[in-house]
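>>> Okay, sequence plus prediction incoming.
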Amino acid sequence: MRLAQFVPLVFSPLLLAVGCTYQGNIDKPYTQKATWFSYVGGDDIRERCVPGVTEYRLVYNAVYDEQIRSYEIKGQPGGSAEMVSRVQEGHGLRGSKISLSDPLAQFGWEKSIKRLSAAEVSELEGLLKVSGAGEPHTKGNRLRSDDFYWVSALCYDGAFVYNGWKKTSEGFEHLAFIPFLLKHDETGIDVNPVRDVGTKNAARMHQSKAEQRKHFDLEVGDNGLLTAF
């Protein structure tokens, strides 16, 4: 089942309040720091979105300081695709990855690459559609870095669609694509489970100003990220 509900690409790029435009190399720590908002917003996918291209990016923010996961699927409409899964925990500070030859490696991502068949890509697209990702409908959602959320930046055959979901009281049970992504994720790192972190004020009440400045909120616009603050 194809994402027939994808809307035409008629929106101009949305301006983020901070950060630079993502142009690749999210695996590099300095790239992540400078372009994270643009990466989550799928600015590069929007720019590349033309007929004949299938490119999906889904990001799970499981409390930014604790775990973030990224899934990128690239191919052609109706065909197979490459799926890259990435996981970073605790700002990527994983002692087992410390290397004298590459001291910055410890700040990177655990990554796996897998080839999806045309049937598997079609299955994912059906799950995205069931989840409501085929059309932009999450405008106004505020996404907290110190909470849990999913975003999707999707290009299918020239149509770009963006959504950002906050957790509900049931978690993310309404997002049917999650089990598929986790099934094909070969990083070997368990998902940080959803929990109640409280309201923003309650969560940040006892933090210092320096700690509070580490957090950021994103707002979903008509068909992309509107602001980051």
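Good, I have the coordinates.
>>> Geometrically speaking, which residue is the centre of the protein?
Closest to where the C-alpha atoms of the chain average out (CA atoms, centre = their mean) is V59, at 1.7 Å.
>>> What ranges in the chain fall below the confidence cut-off?
In the predicted model, the chain carries pLDDT under 70 at residues 1-19, 91-107, 200-214, 228-229.
>>> Go again with 80.
Scanning the chain for pLDDT under 80 picks out the ranges 1-19, 24, 30, 33, 91-108, 199-214, 227-229.
>>> now the helices for the protein?
With helices called from DSSP state H, the chain shows them at 29-41, 43-48, 118-130, 178-184, 200-204, 209-213.
>>> Hmm, D44 is touching I26, no?
No - between D44 and I26 there is no contact under CB atoms under 8 Å: 9.8 Å. C-beta coordinates here come from the backbone N, C-alpha and C atoms, glycine included.
>>> When the two are compared, which one has more neighbours?
Ranked by neighbour count (other CB atoms under 10 Å), D44 and I26 place I26 first, with 22 against 19.
>>> Contact partners for that one?
For I26, the contacting residues are Q32, T35, Y39, S70, R86, W109, by CB atoms under 8 Å, 6 or more residues apart in numbering.
>>> for those residues, which one is nearest D222?
Y39 (19.7 Å; CB to CB).
>>> That closest one - nearest residue in space that isn't next to it in sequence?
Spatially, and ignoring its direct neighbours in sequence, Y39 is nearest to Y22 (4.3 Å; CB to CB, 6 or more residues apart in numbering).
>>> Equivalent analysis for T21, please.
S38 (5.0 Å).
>>> Same check on Q32?
Nearest-residue entry for Q32: I26, 5.8 Å, with adjacent residues in sequence omitted and distances by CB to CB, 6+ apart.
>>> any idea how far the one you found lies from R57?
Between I26 and R57 the computed distance is 10 Å (CB to CB, to the nearest Å).
>>> K183 now?
Taking CB to CB, one finds K183 at 18 Å from R57.
>>> Settle it for me: which of these two has more neighbours?
Neighbours per residue (other CB under 10 Å) separate K183 from R57, with R57 holding more: 23 against 9.
>>> G140 is in contact with V220, isn't it?
Yes - if you go by CB under 8 Å, G140 and V220 touch, sitting 6.5 Å apart.
>>> and E110, what does it touch?
By CB under 8 Å, 6+ apart, the neighbours of E110 are R86, V87, Q88, R94, T187, G188, I189.
>>> if we go to 6 Å?
Shown in contact with E110 (CB atoms under 6 Å, 6 or more residues apart in numbering): V87, T187, I189.
>>> Bridged to it, which residues?
Beta-bridge partners for E110, by DSSP bridges, are V87.
>>> Compare G140 and V220 and say which is more crowded by neighbours.
Comparing G140 with V220 by neighbour count (other CB under 10 Å), the higher total belongs to V220, at 26 against 10.
>>> my read: the residue nearest to Y39 touches D44, true?
Yes - counting by CB atoms under 6 Å, D44 is a contact partner of Y22 at 5.2 Å.
>>> need the strands for this structure, in chain order.
54-62, 67-75, 81-89, 110-116, 142-144, 148-156, 159-166, 217-220, 225-228 (DSSP state E).
>>> count of neighbours near G24?
10.
>>> Give me the nearest residue to it, chain neighbours excluded.
D44 (7.2 Å).
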